[in-house]
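predicted model and sequence below, questions to follow.
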Amino acid sequence: MRLITRQILANTVADSWATQYSDKAMPDKDAILIKLCKLGENPDPDTVDKLIGNDSWTRTSCSECGVGGVDVVDCEYEDEDIMLCGNCLRCALSIIGEGKKALPINDYLREVLCAYLPYHQAAAVMELLHDMSKATYQPKYPDLYLEFMNANKCSFSENHPQETNKPYYFTLFTVVSQHVMGDCVEECLDKAIEIAQAKQ
């Protein structure tokens, strides 16, 4: 999953334009490329549109509601790009959890994983949990990670998205901790270390 905005697209237009027309002798396209390059690394999307003559290179739209010009999340599945805007993502979560008590978003998504979901939906939810954890998780014992891993044979594995009894991205196994789960490596290690400390 990745964020797509008009600005992100505008930032890549010059390179994409050069790739699109690199094998063609088209002076008018070359002239546009020169102007695009002069806009710099962070060009205004509206300026890019005016220079090209249309908004096809910076256009974003939601695959579900069709609204254009909004930030979307690209939920890539195989060769298909499924673009969802914030409103549709919130709507999807409300449909899945209709009538349930409001929970912190990561706990809510974990409840979603505990129910059966089609593979590509479950994989998208698990990737979201993984990305959120990498961005927000605060390691508890970072100074002990190397010592713990040297003292214990650590085996990490990614959980299958449809294993409803494992609604986390990773499982870590060590003899001292047995199986512990987390959405990032640091979370797994923290849990394993706490178990090891409790046994001392």
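Perfect, thanks for sending it. Numbers count the residues shown, from 1 in each chain.

outline the domain layout of the protein.
Following the assignment in automatic domain parsing, the chain carries domains at 2-52, 97-200.

dump these to CSV, plus mean pLDDT and mean neighbour count.
Every C-beta, even on glycine, is put in place using the N, C-alpha and C of the backbone. Converted to CSV, the domains of the chain look like this (pLDDT from 0 to 100; neighbours: other C-beta atoms under 10 Å):
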stretch, mean pLDDT, mean neighbour count
domain 2-52, 89, 14
domain 97-200, 87, 15
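
and the ones you listed: which comes nearest residue 68?
Nearest to residue 68, of all the domains of the chain, is domain 2-52, at 9.6 Å by C-beta to C-beta.

how about JSON lines for the domains of the chain, with distance to residue 61 added?
As requested, these are arranged in JSON lines below (distance: least, C-beta to C-beta, whole Å):
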{"stretch": "domain 2-52", "distance to residue 61": "10"}
{"stretch": "domain 97-200", "distance to residue 61": "19"}
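
out of these, nearest to residue 66?
Nearest to residue 66 among the domains of the chain is domain 2-52 (15.4 Å), distances taken as C-beta to C-beta.

mind listing the strands for this structure?
Residue ranges of the strands in the chain, as given by DSSP state E, are 2-4, 72-77, 80-85, 155-158, 170-174, 178-182.

what angle sits between the third one and strand 72-77?
Spelled out, that is strand 80-85. Between the axes of strand 80-85 and strand 72-77, defined by axes from the mean of the first three to the mean of the last three C-alpha atoms, to 10 degrees, the angle is 150 degrees.

okay, now the sheet partners of strand 80-85, with direction.
strand 72-77 (antiparallel) (DSSP bridges).

what is the mean pLDDT for the strand it pairs with?
Within the predicted structure, the mean pLDDT of strand 72-77 is 80.

quick one, grab the pLDDT at residue 87.
Model confidence at residue 87, given as pLDDT, is 74.

does it touch residue 65 like I think?
Yes: in this structure, residue 87 sits in contact with residue 65. The criterion is C-beta atoms under 8 Å, and the distance is 6.9 Å.

one step back: Serialize the strands of the chain to a markdown table and add fields for distance to residue 10.
Compiled in a markdown table, the strands of the chain are given as follows (distance: least, C-beta to C-beta, whole Å):
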| stretch | distance to residue 10 |
| --- | --- |
| strand 2-4 | 11 |
| strand 72-77 | 15 |
| strand 80-85 | 17 |
| strand 155-158 | 35 |
| strand 170-174 | 36 |
| strand 178-182 | 37 |
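
which one of those strands lies nearest to residue 140?
If you check each of these against residue 140 by C-beta to C-beta, strand 178-182 wins as the nearest, at 11.4 Å.
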